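Enquirer: sequence-free structure coming up:
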């Protein structure tokens, strides 16, 4: 065994343990303030969490500097504004999924077909939630399924709000041939299609990722004009084109209702001005 490698590995493990310990200590400080519900001084915090006062001083100074904690005029510590913003973001995400899931089930009953809520995971589309329709039609993409953005109607909508250079770069990097061989892979063509679908608030694909399966999707757009998710009806291809406008109207109305409940509908005029 190379002795230098052994020393290096040991140092790395020690550093890793140190980092984890630092994070644990910081969480202990924050948890103590949260659980007691009142500001406290450094000495009281150190005693409560069972850590050396010198260690707690260093951690507290770092947390104050990063706005994770706030130091009051009397020297006591309390939770900082950064934690408040994190909490708001988390609450919004919970609210969104609750609203979107309820609408998903309502649309499933109304349309009588499978409905999905999808989001973006880097270069992929991710199925976030799903309500199975009453028919025996089986959809391969279940909750947790990740597929390249260019395979799906939702995938194009999820990047339709981005500036053109970003769209082209994303598709150039992530577009893949689909199992059916019918999915578009040219980055410029996909970019133009994504923008057009986003502006129309409607994207339709058939047979691109699965044979004889169609998807009719609409974007869910936040107050900044960004597509944060989509809601879509997944159904047999033949059935989709028999009543394409009817399904399209339903899915667009569902997306609009989610935006209304979330307080995002003021984006509407801005959401159509996508950077070319």
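Expert: Nice, I can see it. This is a predicted model, so every value here is computed, not measured. Numbers count the residues shown, from 1 in each chain.
Enquirer: domains of the chain?
Expert: 3-79, 86-271 (automatic domain parsing).
Enquirer: please work out which of those domains is packed deepest.
Expert: Greatest average neighbour count among the domains of the chain goes to domain 86-271 (a mean of 19), per mean count of other Cβ atoms under 10 Å. Placement of C-beta: from N, CA and C, glycine included.
Enquirer: ok, back up a step: redo the domains of the chain as TSV? Include mean pLDDT.
Expert: Converted to TSV, these look like this (pLDDT from 0 to 100):
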stretch	mean pLDDT
domain 3-79	82
domain 86-271	89
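Enquirer: residue 219 looks like it's in a strand, true?
Expert: Yes. Counting by DSSP: H, G, I helix; E, B strand; the rest coil, one finds residue 219 located in a strand.
Enquirer: offset the numbering so it begins at 6, please.
Expert: Will do, 6 is the new start, and the previous item becomes residue 224.
Enquirer: so residue 124, which of the three states?
Expert: The three-state label given to residue 124 by three-state DSSP is strand.
Enquirer: so what pairs up with it in the strands?
Expert: residue 131 (DSSP bridges).
Enquirer: enumerate every residue touching it.
Expert: Residues near residue 124 by Cβ atoms under 8 Å, 6 or more residues apart in numbering: 130, 131, 133, 163, 233, 234, 235.
Enquirer: dump those residues into JSON lines; add secondary structure and distance to residue 269 as well.
Expert: Formatted as JSON lines, the contacts of residue 124 follow (DSSP: H, G, I helix; E, B strand; the rest coil; distance: Cβ to Cβ, whole Å):
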{"residue": "130", "secondary structure": "strand", "distance to residue 269": "21"}
{"residue": "131", "secondary structure": "strand", "distance to residue 269": "21"}
{"residue": "133", "secondary structure": "strand", "distance to residue 269": "17"}
{"residue": "163", "secondary structure": "helix", "distance to residue 269": "16"}
{"residue": "233", "secondary structure": "strand", "distance to residue 269": "9"}
{"residue": "234", "secondary structure": "strand", "distance to residue 269": "11"}
{"residue": "235", "secondary structure": "strand", "distance to residue 269": "14"}
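Enquirer: does residue 102 touch residue 148 like I think?
Expert: No. Using Cβ atoms under 8 Å, residue 102 is not in contact with residue 148; the gap is 11.8 Å.
Enquirer: what is in contact with the two at once?
Expert: With Cβ under 8 Å, 6+ apart, residue 102 and residue 148 have common neighbours 133, 134.
Enquirer: show me what contacts the residue nearest to residue 213 when sequence neighbours are not counted?
Expert: Spatial nearest neighbour of residue 213, excluding adjacent residues (Cβ to Cβ, 6 or more residues apart in numbering): residue 188 at 4.2 Å. Under the criterion of Cβ under 8 Å, 6+ apart, the neighbours of residue 188 are 153, 155, 156, 180, 181, 182, 213, 214.
Enquirer: among those residues, which ones are in strands?
Expert: residue 153 (DSSP state E).
Enquirer: biggest separation within the contacts of residue 188, which pair?
Expert: 180 and 214 (12.7 Å; Cβ to Cβ).
Enquirer: need the contacts of residue 188 in CSV (columns: distance to residue 169).
Expert: Below are those laid out as CSV (distance: Cβ to Cβ, whole Å):
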residue, distance to residue 169
153, 19
155, 16
156, 21
180, 15
181, 21
182, 23
213, 22
214, 24
